[in-house]
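In: Give me the fold of what follows.
(3 chains)
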Amino acid sequence: MNRFALYWILSTLILFTGCNISPWNNPYPDSQSKDNIYYDSFEERPKHLDPVSSYSGNEYVFLGQIYEPVLQYHFLKRPYELIPLTATAVPQAEYYDNAGNMLDADTPPESVHRVVYRITIKSGILYQPHPAFARDKRGKYRYHHLSKDDLEKIHALSDFSETGTRELTAEDYVYQIKRLAHPGVHSPIAGLMSKYIHGLQELSEELTNKHKNEIDKNNFIDLRNHHLSGVRILDRYTFEITLKEKYPQFRYWLSMPFFAPMPWEADFFYSQPGMEEKNITLNWYPVGTGPYMLTENNPNRRMVLKRNPNFRGELYPDKGGPEDEVNGLLQDAGQTMPFIDTAIFSLERESIPAWNKFLQGYYDTSGIVSDSFDQAVTFNTKGELELTEQMRNKGIKLTTAVMSSTFYMGFNMRDEVVGGDSERARLLRRAISIVVDYEEYISIFTNGRGVPAQGPIPPGIFGYSEGSDGINPYVYTWRKGRAERRNIREAQELMIAAGYPDGREVQSGQSLILYLDTPATGPDAKAIFDWFRKQFSKLGITLVIRATDYNRFQEKMLKGTEQIFMWGWNADYPDPENFLFLLYGPNAKVGLNGENAANYENEEFDYLFNQMKSMSNGPERQAIVDRMIDIARRDAPWLWGFHPVAFTLHHRWFKNAKPALMLNNTLKYIRIDPETRNKLRTQWNQPVFWPIILLLLILLISIIPAYISYKRREQSSAL
Amino acid sequence: MPVVFITDALIFLLLFMVCLFIWYTLKHEYLRIPWRQVGKNSLAMSAAVVLLFYIAVGLLDTIHFHPRLNNIDQKEIKYSTDILSLLDVLTEKLRSRVERTYSAPFATHAYAKEAIDLPEGRQIRDYPRLYYGGSHLQYPGKEIAQDILGKTITGMVMGIITWLFISMVIIIILSRIRRCSMTTEFKLIIRRQHLIPWHVILITLGCILISGVTLAYLSSYYHVLGTDKVGQDVLYQSLKSVRTGLLIGTLTTLVMLPFALAMGIMAGYFSGWVDDIIQYIYTTLNSIPGVLLIAAAILMLEVYMTNHAADFTSIEQRADMRLLFLCMILGIMSWTGLCRLLRGETLKLREIDYVQAAQAFGVNHVTIMTRHVLPNVMHIVMISIVLDFSGLVLVEAVLAYISIGVDPSMISWGNMINSARLEMAREPIVWWSLGAAFIFMLGLVLAANLFADAVRDAFDPRIRTIPAG
Amino acid sequence: MINYILRRIAYALPILIGINIITFVLFFVVNTPDDMARMQLGQKRVTQEAIDKWKRERGYDMPVLWNSQAKGMKKITDSIFFQNSIKLFVFDFGQSDNGRDISNDISQRMWPSLAITVPALILGLIAYITFALTLAFFRASYIDVWGVVICVIMMSISGMFYIIGGQFIIGKLFNLVPISGYDSGVNAIKFVTLPVIVGLIGGIGSSTRWYRTIFLEEMGKDFVRTARAKGLSEKVVLYRHVLRNGLIPILTGVVVVLPMLFIGSLVTESFFAVPGLGSYTIDAINSQDFAIVRSMVYLGSVLYIIGLILTDISYTIADPRIRLE
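Out: Just a heads-up that it's a prediction; the model follows:
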């Protein structure tokens, strides 16, 4: 290297450091930096994007933007309120008795024979452009009878050159309801809905018997030719759903993707032979009427949603709660949604890189993992949550909301030691309930992002009581205006009463060993297990962790051979029924594969559950719910655990951030300010050059002695 | 009441074999020559001292028992269900002094703010005092620097005294052996006139003892290396990890040794179809990517354990089983290399006249293989043991990341590094777990590498190291 | 020569069969298809019908080895073993347990893997050979001693530390490269830089030391001494004789890893979220997707065997003295 070159390199480096250059660590192409794009991440590849089989939050992130069920929740109003999405109005249930007479809404459930929901949808709603609708000049479907040769050059949906669209009709909704019964797509709610929707069970059996061959080969079954007695099309835009019994929660289901419209063309299109081998299926490429459509689905890297050009346009809500006005959530009132052109979701398996990229401005929003919590949030002197100075300087905003979920530790009620209805086991369970200090759990493992649960129902759901009335008296006392965990001594007394003084069985003197079954592994799991062992040892109980893989764990749960386990539930809809059924006897896990994982059974509880289920919200229902919770608290089949609190951070350029955990279709409300984003990204991500220069210098310096000794050798060998 | 895990038993077996080996070596002059050469290498001897310390810690952690419960009222002796090791007893203070969560090295206050109830009933958010770390200080802010300095000096003095004492003992023993006076012996060492570099050994010993004793002394007042997420002392974890690391490094070889020996010698000795079959077996096994084989095998073990849950009552047992299994599967993967070397060496030995002679006399094959071939390939076995050791210790960390390493409940460097990944993202960053794992691991692996080099050079400089993937 | 290659390939066949049997035993005898189904369908409500359907779709509802209900040849062909293991021979990997076509995924994901492994290999070779040659040149001087010491220290550090440290320092503190991720085309460069550097540094210790011994060995040989005695300068001796002859064992050693480059590096890829075959495998292990793991085991083995064959061939080319037996 001659002297001139060195000078040149150094000067360019200095030049570089002097001014603002576009960041080197930008994971996206520089050309995107000024576009109206929303950037987010996903942790796990969505397994199902077919609305009839999808049933998890990470899939709804996408499905919610693409498929439109008839109803949705209001974006701003709390408690959650159902409003029409494609429907013209929220349907009211009509109750009929045996003779077909219409009944009042408050008729007791026993006398209701038939429930009818009549739904009218708006006209003029169009599907996204999609090859399934494409027609040739003669009006025939362009891609409906594809041969092997046609598919030769097709690798993704975008390889079909022509697309088409069509108006949304009532028939599409009916088609999807029939798909619930389709044995080939095995909808997770098929069993549940068969209990309610008229004829769904029969349709399922009919399909199983008549079309065994098609189902096995995933071939198309034209569901239009099959009759489902529980649905009826009245005209192009109106249809009826008939239920067998009173089920007020059904309206909530109408807002979930299970009840989104499905055009038969799409079903037919994707069922053509050769499509599945190319991963071109409904599970990978949804077809909807919503504001966005999935244009790139590369589960190894990213998923891209683009604005649906056929979207009718929906208006941003103009009413909200009082605090929404203050928080500026009504600034866009009356504007046409959606606001963002493209949403790019990148795969981020690990939380740390995702978090760091958020801080660098490459994701617009982020949750907070436990390990970065202290960096993001602190408690101020008043004990209130507050963003740290670092976050505030970046203009990051925080929203929090108690999730409608519960994480609990359950006892298998069929276990000989901890389960059963004996007083001894009950006292043991209660003693454990006291010593497992969930306040500490929350503060260590979730950084205080949780509310200790007093019962199965989380705050924000009807039936939850606040303050001193709401506490679990077996575990807490009300003191100085807050719930205080009972003393360990009380638990130890319970243990004595149960016949385990100091954790030793009276007769045998053996110390008590309990088993926690778990599928969890990983770095954090060890810490959690250590902690649980510590809690149980307060009573002299040895807790043994039996960690297995997920399969075995599930099998154990089904067979009921576990003893203690950890489990969680995320609400399907904001109704206490959706939580209390987790303790309903006939819903037991063992044998019945229900959701009552603890296999809890109590006659009175079950009786009350059936009453409460079909009641509408009011003081009477509250009284029954209270009574049920009381029974469950006394028996303590769960350590009630905690309800997690979701913390979400947004960058300064992210507008209309409102925690809306029940909603799936939030993307359309979001607004991004790309200019601010680009400016701040450049400012935050200036590359640091001195280490490179330093490294070069060190290298240079270390070469010199080598060079000298080389010269010396050269001379000596020349001699 | 003593408890012997399977791995413990194997370790004792290994120990026994090592003793046997030493005894055998001492008896045979031709084996002593290369060892003497190793002894002359000062770097190797210094590494050996370090290794001895690691081995001592590992062995202490291998003697397990149920501690006795102090029940005064009951006549019969009761034992706790806990399983402790001698190391646990020696580091009782470290083990039992559990804080709530993270704390930095030498900290007196926790690392994150928490709600603290003030006496007057008010709540504030502040860094709470640790339960144990620096709890002897009244005003930690003012006293801490002075206290740490004082305690370090005290600890070092104690360390120096220990060192001097041990050095004296060594010198006395040496002078007895050589039948000379202590002062001449001392002078010999100082002037570096010994064949074996005793001065290096003593200096290394001094460094380790002084820093060790100082650490031990300080650690009864502070968390010298901080605490982890559940408040466990990191120093304790690092010490406990030593056993895991050593086990993986040694047991793997021990487990596969019989196979490799038998197969390798047989293949070389018989050649023909025996050779073909054995070659086929090891090429096949060798072809399967190691990590995938381990992953599949670990999944298999988990299934077995769930089906036989009754056989594994304690976590320690489960973890032990998994560790052993891991060693076995690592062994299956690594025996092929040794097997190939042994085969080649045996092929050569077969042609040597005394083997030919024995064959001509009709000595049966087993005898020839055990009497004539086996002793002559032992140096290859030993070289490959020492060379494999460090690689295996390093592999453990990688496996832990893919969650197919040792049981997550078992303390190991791999698990420490794996959890440290998350800690690096914290702000302020939690570096001490990673740092501790780094230093302890580097110490062991570096010492092992240096020692292995010397052993290899001494025994057979022709066998080249093959770099690990 | 062609005859020799054909013989080597024929010899590889029984090995492939052996691998096939081992993977089959590991994956189907150990975990029942029911377990796999429950794992993959893992959602809130899973019914037995769904599990049966899942098994039927993947052909896991058949008997393991022998179908006594079928007729004729179908007795053998309608079994899990035939359907899932025999097909591997023709590289028909079938569907993964979550329903994606594995061959399709593999063909997509091998490119990011190559984007890291190929530059790492080439740059690595250049760097290691340069270092090794330097050390060999300065043999027995303080540069050599310290170089070797540094090498030993570097190879005593677990690769995990290089990866964690590299991401933390270069990505997070200095903002020089994106922390993780991948992009296709030219944009890939900024994502690939860090993994390549980390891989390079991780290999310095062992490789440099190994190459150094090779060069030293060559230097001790007669022809080098002769060359030196002829009065050739040290530089010429080093380049013309030592390097050239030393490269033979180095390059033939590299040949064996060439096919494995496709597989990528497990930990690096998964750490830097590069969607290559390495992270594909790790994800499959973590989600217990047996179909993928099985395919990768098989693919890896095949590539390894190809590597072995290539090595043998390259030896015969490099050293004509080796007879083709």
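
In: Pop the domain breakdown of chain A in here.
Out: With domains defined by automatic domain parsing, chain A comprises A:3-21+A:687-718, A:24-50+A:289-395+A:651-686, A:51-282, A:405-646.

In: Where among those is average confidence lowest?
Out: Taking the average pLDDT of each of these, the minimum falls on domain A:3-21+A:687-718, with a mean of 71.

In: how near is the closest residue to B:H66 other than its chain neighbours to C:I282?
Out: In space, not counting the residues next to it along the chain, B:H66 is nearest to B:Y79; the distance is 4.0 Å by Cβ to Cβ, 6 or more residues apart in numbering or on different chains. C-beta: built from backbone N, CA, C; applies to glycine. Here the criterion is Cβ to Cβ, to the nearest Å. By it, B:Y79 lies 43 Å from C:I282.

In: ok, now B:G414?
Out: According to Cβ to Cβ, B:G414 and C:I282 sit 15 Å apart.

In: Ok, A:E202 next?
Out: For A:E202, the distance to C:I282 equals 46 Å [Cβ to Cβ].

In: what about the two, which has more around it?
Out: The neighbour comparison of A:E202 against C:I282 (other Cβ atoms under 10 Å in any protein chain shown) goes to C:I282, with 24 against 15.

In: how close does that one sit to C:G199?
Out: Summarising the geometry, the distance separating C:I282 from C:G199, computed by Cβ to Cβ, is 16 Å.

In: cool, and A:H650?
Out: Counting by Cβ to Cβ, the gap from A:H650 to C:G199 is 37 Å.

In: the more surrounded of these two?
Out: C:G199 (22 against 19).

In: Report the separation between that one and C:Y162.
Out: Here the distance between C:G199 and C:Y162 works out to 8 Å (Cβ to Cβ).

In: Check A:T548 too.
Out: Applying Cβ to Cβ, one obtains 33 Å for the distance of A:T548 from C:Y162.

In: Next to chain B, which bits of the stretch 51-200 of chain C? Give me the list.
Out: C:152-153, C:155-161, C:164, C:168 (Cβ under 8 Å from any Cβ of the partner chain).

In: Mind checking which of those land in helices?
Out: C:152-153, C:155, C:159-161, C:164 (DSSP state H).

In: which two in those residues are spaced the farthest apart?
Out: C:V152 and C:I164 (21.3 Å; Cβ to Cβ).

In: do the helix or strand containing B:I248 and chain A meet?
Out: Secondary structure from DSSP states H and E places B:I248 in helix B:234-270. No - against chain A, helix B:234-270 shows no contacts by Cβ under 8 Å from any Cβ, the least distance being 10.7 Å.

In: Tell me the first helix or strand C-terminal of that helix.
Out: Sequence-wise, the next helix or strand downstream of helix B:234-270 (DSSP H and E) is helix B:272-287.

In: Which positions in that following helix come out as buried?
Out: B:275, B:278-279, B:281-287 (16 or more other Cβ atoms under 10 Å in any protein chain shown).

In: Give me the angle between it and helix B:234-270.
Out: Helix B:272-287 and helix B:234-270 are oriented at 150 degrees to each other (axes from the mean of the first three to the mean of the last three Cα atoms, to 10 degrees).

In: So which other helices or strands are in contact with helix B:272-287?
Out: Here helix B:272-287 is seen to pack against helix B:234-270, helix B:315-350, helix C:2-24, helix C:290-318 when contacts are counted using 3 or more Cβ pairs under 8 Å, 6 or more residues apart in numbering or on different chains; DSSP states H and E.

In: now, of the ones you listed, which is deepest in the fold?
Out: For these, ranked by mean neighbour count under the definition mean count of other Cβ atoms under 10 Å in any protein chain shown, the leader is helix B:234-270 at a mean of 23.

In: Okay, angle between that helix and helix B:315-350 too, please.
Out: Helix B:234-270 and helix B:315-350 are oriented at 30 degrees to each other (the same axes, to 10 degrees).

In: Mean confidence (pLDDT) on helix B:234-270, please.
Out: Here the mean pLDDT over helix B:234-270 is 90, rounded to a whole number.

In: Also stretch C:122-132?
Out: For stretch C:122-132, mean pLDDT is 92.

In: Same question for it: list its buried residues.
Out: By neighbour count, and taking 16+ other Cβ under 10 Å as the criterion, the buried residues in stretch C:122-132 are C:124-125, C:127-129, C:131-132.

In: Helices - which of the residues you listed land there?
Out: Residues from these lying in helices, with DSSP H as the criterion: C:124-125, C:127-129, C:131-132.

In: Can you give me the end-to-end span of stretch B:355-373?
Out: One end of stretch B:355-373 to the other measures 8 Å (Cα to Cα, to the nearest Å).

In: If you count neighbours, what's buried in that stretch?
Out: Buried residues in stretch B:355-373 (16+ other Cβ under 10 Å): B:355, B:358, B:368-369, B:372-373.

In: ok, residues contacting it?
Out: Under the contact criterion Cβ atoms under 8 Å, 6 or more residues apart in numbering or on different chains, stretch B:355-373 has outside partners B:265-266, B:268-270, B:346, B:349-350, B:354.

In: All set, thanks.
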